[in-house]
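**Q** Predicted coordinates and the sequence they were generated for:
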Amino acid sequence: MAKRVLTRDDLMPLDKFGAERRELRKRMSEMKRLRRIEVGPFVTFYFENYDTMLHQVHEMLFIEKGGEEQVADEIAAYNPLIPQGSELVATVMIEVDDPIRRGAVLSRLGGIEGVMKLTFGGETVVGLPDPDRENSTPDGKASAVQFLHFPFTAEQKKKFAAAGAQVLVAIDHPNYGHIAVMPDPVREALAKDFD
């Protein structure tokens, strides 16, 4: 069964993490390759799990060096992104390199957090944005980073996990309407989040 909660006891000492960081990052890169999908020219879904969040907390602690005081904050920030057995959780990045163009793009994508969905087997699961953060400003500018939970029923989990199921990842925004077919190895990796 997949782990659902990150605790202080799960963290390795930072000197050990530093010594193993190169190898750990390499392994994480391979895992993330099977948890990522690009939708349109500049939006990428990164589907999270316990392992990706454990790695992220280690990275934050290693880079920021905030000591023990930082640990509880990082765990509190990243635990909500670990799927709890009946959901998929995605960090969605709007990735535009040029800062001027990025600002223009984001100003046209207000509300994008409410129009991202997964469709498969006659089912549609709409992503629910994190209610504790401002995803779009009142003047209509989207955040470049969105956190979405995709809640599944028991029947939807079966249909998603079925061999050969075609899953579409869609964004239905008037200024960014794109669909991508989820590769089967990605679907298989994500279906393990339901175990």
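**A** Yes, it's here. A quick note: this is a predicted structure, and the numbers were derived from the prediction, not measured. Numbers count the residues shown, from 1 in each chain.
**Q** Surely Val169 forms part of a strand?
**A** Yes - according to DSSP: H, G, I helix; E, B strand; the rest coil, the state of Val169 is that of a strand.
**Q** Next, find the distance separating it from Ser107.
**A** 24 Å (CB to CB, to the nearest Å). To be clear about C-beta, it is placed using only N, CA and C from the backbone, and glycine gets the same treatment.
**Q** Compare those two and say which one has the larger neighbour count.
**A** Val169 (26 against 14; other CB atoms under 10 Å).
**Q** tell me the secondary structure for the closest residue to Asp10 other than its chain neighbours?
**A** In space, and not counting its chain neighbours, Asp10 is closest to Leu54: 6.0 Å by CB to CB, 6 or more residues apart in numbering. Following three-state DSSP, the label given to Leu54 is helix.
**Q** Would you mind confirming that His133 makes contact with Ala142?
**A** Slight slip there: residue 133 is Arg, not His. No - shown here, Arg133 and Ala142 do not form a contact pair, counting by CB atoms under 8 Å, at 12.0 Å.
**Q** more neighbours, those two?
**A** More neighbours surround Ala142 than the other of Arg133 and Ala142, with 22 against 11 (other CB under 10 Å).
**Q** Could you report the pLDDT at that one?
**A** Note on Ala142: pLDDT of 96.
**Q** For it, give its distance to Thr52.
**A** 23 Å.
**Q** Show me which residues of stretch 35-46 are buried.
**A** Neighbour counts over stretch 35-46 (16 or more other CB atoms under 10 Å) mark 35-37, 39-40, 42-46 as buried.
**Q** what's the answer for stretch 117-136, then?
**A** Buried-residue list, stretch 117-136, by 16+ other CB under 10 Å: 117-118, 120, 123, 125, 127-130, 135-136.
**Q** Let me have those in CSV, extended by distance to Ala154 and secondary structure.
**A** Formatted as CSV, those follow (distance: CB to CB, whole Å; DSSP: H, G, I helix; E, B strand; the rest coil):
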residue, distance to Ala154, secondary structure
Lys117, 19, strand
Leu118, 16, strand
Phe120, 15, strand
Glu123, 12, strand
Val125, 13, strand
Gly127, 19, coil
Leu128, 18, strand
Pro129, 24, strand
Asp130, 24, coil
Asn135, 28, coil
Ser136, 32, strand
